[in-house]
Structure formats: structure tokens, C-alpha cells
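Student: no sequence on hand, only this structure:
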């Protein structure tokens, strides 16, 4: 039994004729006729009733055709897998990410990608949303992981996950034993906040006292742990945060505002490499894993 025999069977079933199948497959009709006869002899069943009007599957033939299609589908899946492996063997993938993703789901996704495709060359850039958009538009990075806001018409985007903002205090804070805190209470203390949308929300409730305006969220955690300020991080990123796990930082729900943060990936519409598609697939799997934690 050969793969081309199965292809002939499926094509004849689609067209209803050996001559039509031969024309579509660019094979001589006698070759197809001989291949089908050989397969019928090997299987011990008649697959088609042939006449001047065409070829009609027998009852046994219908089962053969169904299995033939399933086998061809599996062969196609195998070929796609081989193509992906080959294309990623010496591929390069540049990813630009904001801190909310790079400190949560991204590291684990990159580890899995590198283990699966050890030959791939990875580049990771951490920037703000505006800069990441421009890097993708200019073709300087393959994928951007950003906040989901207005997307440039040159770009395509896909939803990654939605999470909520959490207030963070040091373990010696008067709020450390609380489960939640209001923004009005937060505004009585120095704050660290790098998100423009979050700054606008704080402004609705009063005048924030910004201790620093650093975009380095990891450096800010040390300041929060020392009790010098209250900061804001996403619930997703705090699930794997070492400061939280050691009790240096205490996460608190914000009681008077539900602040949700949406993340997406962005790419040029004209450039979607197999490497980038495989990475996004792995990233989404890791997001599902983190959401179950």
C-alpha cells in the first residue's frame, strides 16, 4: 500500500471519475486505474463500481475512503510538524514586552520554547507600550506583548489575558494584615505608579504623592518592601513574585475601584513567521496554566 494510492482513492471519491481525478492530480488515467486495482486486490474488497458514467464507492469502499482521508490528514500533520522543526532550527525570534508580562508568564514560555527548539536564537526587549508598538512597526522586533489599547492599522493584535491591578504594601505597613485597601487610603501615603491609565484613576480620587516615577517595576518592589511607598502590580504577575512568596510584600485588593488590565500581542500584518506563531501558542498555554494557579 502506497500513499499515492490513498490520494487517488480520495480524489476519485471527490470527483466521481477516474479521468477527472487523473486530470486534477496530473497523472495518466491508466496509472490511476492500475493503482486502484492493485489496492483493491491487496485489501480484498471492491472500492469503486466503475462504469461509463464514472466511479461510485461501494459500501466497503466508503469505509476505505474514510480511512484513507484520515491517514492523509495525519501525513499532512506530520509534514507540518517537520516543516516547523526545520524552519525553527536556525530561526531568530525577537520579542518586546512590557513588565507586566515579562515578569509573569513570559519567562516560563521562553524556557519551554528554547527546550523544544534549542537552535532558535531569542532576543528579549523590555519597554513601554508606545515604544514596543514602534519597534514592531519598524520591523525591529517580531512580536510585541503590550497593553491592549488602540492598535495601529499596520498591526494585527490578539488577546492574551485580562487581570486586575493589586495594591502592594510592605510587611511592616499598617495595612499588612488587611485584605483590601481603598484608593482614598492609598492617597494618604507615597505611591509608586508607572501606568498612565492607573494615574488617571488615582487623580479622580485626589492628588497622589508620587515617591518616584521609575518604570523599573522590579527596583520599585524593594522600596515598597521597605515600607516607603504603596505600589501597584497585576494579580497575574504577583502569582510568581518572590517578594510576595517570602512575605516581604503584601498584596491587597482595591476596594473602591475594579481596575482591570488587558494584555495583547501585536505583529505586523505582513510578517507572521512560523517561529512567532509557535511562540504565541506556547505563551497562551502558559497563560492558561497561570490562570489555574
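Tutor: Good, I have the coordinates. Since the structure is predicted, the reported quantities are computational estimates derived from the model, not experimental observations.
Student: and the helix or strand bottoming out on mean pLDDT in the chain, what does it pack onto?
Tutor: The weakest-scoring helix or strand in the chain, judged by mean pLDDT, DSSP states H and E, is helix 59-89 (a mean of 84). Contacts defined by 3 or more C-beta pairs under 8 Å, 6 or more residues apart in numbering; DSSP states H and E place helix 59-89 against helix 3-15, helix 274-292. Where C-beta positions appear, they are placed from N, C-alpha and C, glycine not excepted.
Student: dump these to CSV, plus mean neighbour count.
Tutor: Listed next are the helices and strands packed on helix 59-89 as CSV, based on neighbours: other C-beta atoms under 10 Å:
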stretch, mean neighbour count
helix 3-15, 19
helix 274-292, 17
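Student: ok, which of these comes nearest residue 108?
Tutor: Closest to residue 108 of these, according to C-beta to C-beta: helix 274-292, at 5.1 Å.
Student: report the distance from that closest one to the chain centre.
Tutor: Taking C-alpha atoms, centre = their mean, to the nearest Å, one finds helix 274-292 lying 4 Å from the centre of the chain it belongs to.
Student: gap between residue 260 and residue 165?
Tutor: 8 Å (C-beta to C-beta, to the nearest Å).
Student: with residue 281 instead?
Tutor: 28 Å.
Student: returning to that earlier point: more neighbours: which of residue 260 and residue 165?
Tutor: When neighbours are counted by other C-beta atoms under 10 Å, residue 260 and residue 165 differ, and residue 165 comes out ahead with 22 against 10.
Student: which residues touch that one?
Tutor: Counting by C-beta atoms under 8 Å, 6 or more residues apart in numbering, residue 165 touches 195, 198, 232-235, 254, 259-261.
Student: try 6 Å
Tutor: 232, 259 (C-beta atoms under 6 Å, 6 or more residues apart in numbering).
Student: partners of the helix or strand hosting it in the sheet?
Tutor: For residue 165, the host element (DSSP states H and E) is strand 155-170. Paired neighbours of strand 155-170 in the sheet (DSSP bridges): strand 230-234 (antiparallel), strand 249-254 (antiparallel), strand 260-268 (antiparallel).
Student: for the longest one, which positions count as buried?
Tutor: This means strand 260-268. In terms of neighbour count (16 or more other C-beta atoms under 10 Å), strand 260-268 has its buried residues at 261, 263-268.
Student: just name the closest of those to residue 290, please.
Tutor: Closest to residue 290, out of all of the buried residues of strand 260-268 and judged by C-beta to C-beta, is residue 263, at 11.9 Å.
Student: follow-up on the earlier one: what's the angle from the least confident helix or strand of the chain to helix 3-15?
Tutor: Counting by axes from the mean of the first three to the mean of the last three C-alpha atoms, to 10 degrees, helix 59-89 lies at 120 degrees to helix 3-15.
Student: okay, now the unreliable bits of the chain?
Tutor: The chain contains residues with pLDDT under 70 at 85-90, 213-217, 271.
Student: center of it, which residue is that?
Tutor: With distances taken as C-alpha atoms, centre = their mean, residue 280 lies nearest the centre of the chain, 2.8 Å away.
Student: please give me every residue in contact with that residue.
Tutor: residue 265.
Student: ok, residue 245 next?
Tutor: By C-beta under 6 Å, 6+ apart, residue 245 has no neighbours at all.
Student: now do the one 5 residues further on
Tutor: Contacts here follow C-beta under 6 Å, 6+ apart; on that basis residue 250 touches 169, 176.
Student: who's it bridged to?
Tutor: Applying DSSP bridges to residue 250 yields these beta-bridge partners: residue 169.
Student: how much space between it and residue 224?
Tutor: Here residue 250 is placed at a distance of 9 Å from residue 224 (C-beta to C-beta).
Student: in JSON lines: the helices and strands packed on helix 59-89, plus distance to residue 93.
Tutor: Shown next, in JSON lines, are the helices and strands packed on helix 59-89 (distance: least, C-beta to C-beta, whole Å):
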{"stretch": "helix 3-15", "distance to residue 93": "33"}
{"stretch": "helix 274-292", "distance to residue 93": "5"}
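Student: buried ones in the least confident helix or strand of the chain, by neighbour count?
Tutor: Here helix 59-89 shows 61, 64-65, 68-69, 84, 88 as buried, counting by 16+ other C-beta under 10 Å.
Student: one more: stretch 144-163?
Tutor: 144-148, 155, 157, 160-161, 163.
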